[in-house]
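Asker: For reference, the sequence and a predicted model appear below.
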Amino acid sequence: MLKNYALLLCVGLACVAAYDEVGSCHSFAGGSVYPAEGPRGDHKLQTTKAVISKQAPAFEGTAVVKGDFVKLSLSQYRGKYLVLLFYPLDFTFVCPTEIIAFSDRIEEFRKINAEVVAVSVDSHFTHLAWINTPRKEGGLGYVKIPLLSDLTHKISRDYGVYLEDLGHTLRGLFIIDHRGILRQITMNDLPVGRSVDETIRLVQAFQYTDTHGEVCPAGWKPGAETIVPDPKEKSKYFEKINKIP
């Protein structure tokens, strides 16, 4: 009996040690990437109000636009697609690479009647300081997209990206259509940035379905085949793509 108990105790201790080792892997590069960062399993997310195919949660706040403080709200984007890009913090690591990447390609979004707004829990004063910092020093320099301040954390909580224990957000990306309907959500953990190419592709795909009533298969890009959402009509697509050479 004592031998069995000792064996169980050893197994239990080994499991705890293994858990601790796995947990420690979340401290990237041998330390915390962001203040007070802990294992992902410990993070507490606010219940989201953002639901696919429903009206996106309304928001308003102060943004930095071309160096000026401007009031910004979701209602201003009615009639356009909007990419709402949450990022953790100003003056950090992955965040400037994402914002600059989206800013550099904003004209591609505008050509398809879409806009991009970046959001963090920093104040609009901090946003301005970041913009006024040269890129070679980790700043943004001039950017072509608004940086919206969510100092009260209301927007982040409504969209379900706010990490209560850390005081900042995950990398949440939300595509809102011209009617204010939420069409897509992407949620990244802190250390990995998002793709501009994939975001543009998704906007184009949703716009295509809005206009044509057909559905877009995996990896669809403009000009590629689509599917008629009908049990009989769909066979035309599958016959075409599965032809034997």
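Answerer: Alright, I've got the coordinates. Numbers count the residues shown, from 1 in each chain.
Asker: how much space between F174 and G160?
Answerer: In this view, F174 and G160 are 10 Å apart by C-beta to C-beta, to the nearest Å. Quick note: C-beta positions are derived from backbone N, CA and C, even for glycine.
Asker: who's more crowded, the two?
Answerer: Taking other C-beta atoms under 10 Å, F174 and G160 do not tie; F174 has more neighbours (24 against 21).
Asker: Could you export the helix or strand where the more buried one lies as PDB, CA atoms only?
Answerer: F174 belongs to strand 171-176 when assigned by DSSP states H and E. The C-alpha coordinates for strand 171-176 follow below in PDB (Å, rounded to 0.1, in the frame of the first residue of the first chain):
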ATOM      1  CA  ARG A 171      -4.100  41.000 -31.100                       C
ATOM      2  CA  GLY A 172      -7.800  41.000 -32.200                       C
ATOM      3  CA  LEU A 173      -8.800  41.800 -35.800                       C
ATOM      4  CA  PHE A 174     -12.400  42.400 -36.700                       C
ATOM      5  CA  ILE A 175     -13.900  42.900 -40.200                       C
ATOM      6  CA  ILE A 176     -17.100  45.000 -40.100                       C
END
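Asker: What strands line up against it, and which way round?
Answerer: strand 81-86 (antiparallel), strand 182-188 (antiparallel) (DSSP bridges).
Asker: Give me the three-state assignment for the nearest residue to P96 once chain neighbours are set aside.
Answerer: Among residues not flanking P96 along the chain, L140 sits closest, at 5.7 Å (C-beta to C-beta, 6 or more residues apart in numbering). Classification of L140 using DSSP: H, G, I helix; E, B strand; the rest coil returns coil.
Asker: And L140, how far from I131?
Answerer: Distance from L140 to I131, by C-beta to C-beta: 5 Å.
Asker: Between these two, tell me which one has more neighbours.
Answerer: A side-by-side neighbour count of L140 and I131, using other C-beta under 10 Å, places L140 first with 23 against 18.
Asker: which ones are touching the more buried one?
Answerer: Going by C-beta atoms under 8 Å, 6 or more residues apart in numbering, L140 touches P96, I99, I100, S103, W130, I131, T133.
Asker: which one of the strands paired with strand 171-176 is the most hemmed in?
Answerer: strand 81-86 (a mean of 24; mean count of other C-beta atoms under 10 Å).
Asker: could I have it exported to PDB, CA atoms only?
Answerer: Presented in PDB, the C-alpha positions along strand 81-86 are these (Å, rounded to 0.1, in the frame of the first residue of the first chain):
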ATOM      1  CA  TYR A  81     -15.900  48.000 -44.800                       C
ATOM      2  CA  LEU A  82     -13.800  48.600 -41.600                       C
ATOM      3  CA  VAL A  83     -10.900  46.600 -40.300                       C
ATOM      4  CA  LEU A  84     -10.600  47.200 -36.500                       C
ATOM      5  CA  LEU A  85      -7.100  46.300 -35.500                       C
ATOM      6  CA  PHE A  86      -6.500  45.900 -31.700                       C
END
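Asker: what residues does it touch?
Answerer: 56, 74, 98-99, 102, 109, 112-120, 156, 159, 161, 169-178, 194, 199, 203, 206-207.
Asker: do the same with stretch 198-216
Answerer: By C-beta under 8 Å, 6+ apart, the list of residues contacting stretch 198-216 reads 81, 83, 102, 105, 108-109, 112-114, 173, 175, 177-178, 183-184, 220-222, 226-229.
Asker: what's the answer for stretch 238-245, then?
Answerer: E225.
Asker: how about 6 Å then?
Answerer: Applying C-beta atoms under 6 Å, 6 or more residues apart in numbering, stretch 238-245 has no contact partners.
Asker: quick check: mean pLDDT across that stretch?
Answerer: The pLDDT scores in stretch 238-245 average 82.
Asker: Many thanks, I have nothing further to ask.
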